[in-house]
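> pasting the structure only:
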């Protein structure tokens, strides 16, 4: 009986040795393997403003009287001040102007549209516009949080680095981005982040309002992040097993 028990223990230890730690194939990024998905390249598309997005702007003019009026309205001379939300009809209410439709425009297009509107009342007006709520969200096994997009063309790797990178237990084969599209149904993009072909694909860039979700790998319960942790787990398990066997009559 003791021989059979030792055989069973040896078999279990062999299985744990083969599957007990995370390897490069499971967690490594930018891998070049034929068995990984191969994604096509896709041209970068600039973000277009959506319903519930918020903008901030500044108007510059040589007319001191108008400049003081605009500054008084914003309560912050020469600086970005109040944020203005895009309503469900796609328009935004700007002081001294009629409602202006900005939904579907890029930041530069919205800036030009606002400048044209202000120049109807202020001939030398120049406008600087930016999106105020330029943020993305991370959930799951990647240190959840809400983070600001600090640059154009932020990549999925830069976004996850801001959150503290993926945990080893994160399922890299099925990373998801939930991307809202205004009043329409959100788009769900699912991809394997390990493959090198993700670069310049439709999954490569992160946009405002994106939600990045990393689920937990189903096999992560049995894995350790390092061999030292794995050996400690095996040692403690074997010690517990031997202790239990000592209390079973006739085993030894």
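That came in fine, so what should we check first? This structure is a prediction, so every number in the text was calculated from the model and none was measured. Numbers count the residues shown, from 1 in each chain.

> Which parts of the chain are helices?
Applying DSSP state H to the chain gives helices spanning 2-19, 24-27, 64-74, 107-119, 156-162, 227-246.

> between those helices, which gets the lowest average pLDDT?
Ranked by mean pLDDT, the helices of the chain bottom out at helix 2-19, with a mean of 52.

> quick one: buried residues of stretch 102-110?
The neighbour-count check on stretch 102-110 (16 or more other CB atoms under 10 Å) flags 102, 103, 105, 107, 110 as buried. No exception for glycine: its C-beta is placed from N, CA and C like everyone else's.

> Can you tell me which of those residues is nearest residue 30?
residue 107 (30.5 Å; CB to CB).

> can you count the residues close to the closest residue to the closest one other than its chain neighbours?
Using CB to CB, 6 or more residues apart in numbering and skipping the chain neighbours, the partner closest in space to residue 107 is residue 131 (5.8 Å). Residue 131: 18 surrounding residues under other CB atoms under 10 Å.

> if we can go back for a sec, between which two of the buried residues of stretch 102-110 is the distance greatest?
103 and 107 (12.8 Å).

> Mutual contacts of those two, please.
Shared contacts of residue 103 and residue 107, defined by CB atoms under 8 Å, 6 or more residues apart in numbering, are found at residue 49.

> center of the protein - which residue?
Nearest to the mean C-alpha position of the chain, counting by CA atoms, centre = their mean, stands residue 212 at 3.9 Å.

> what's the nearest residue to that residue if we skip its chain neighbours?
residue 138 (4.9 Å).

> any idea how far residue 201 is from residue 195?
With distances taken as CB to CB, to the nearest Å, residue 201 is found 9 Å from residue 195.

> quick one: which of those two has more around it?
Comparing residue 201 with residue 195 by other CB under 10 Å, the one with more neighbours is residue 195, at 22 against 18.

> Report pLDDT for the spatially closest residue to residue 67 that is not a sequence neighbour.
In space, and not counting its chain neighbours, residue 67 is closest to residue 61: 5.4 Å by CB to CB, 6+ apart. As predicted, residue 61 sits at a pLDDT of 90.

> Please consider this matter closed, and thank you.
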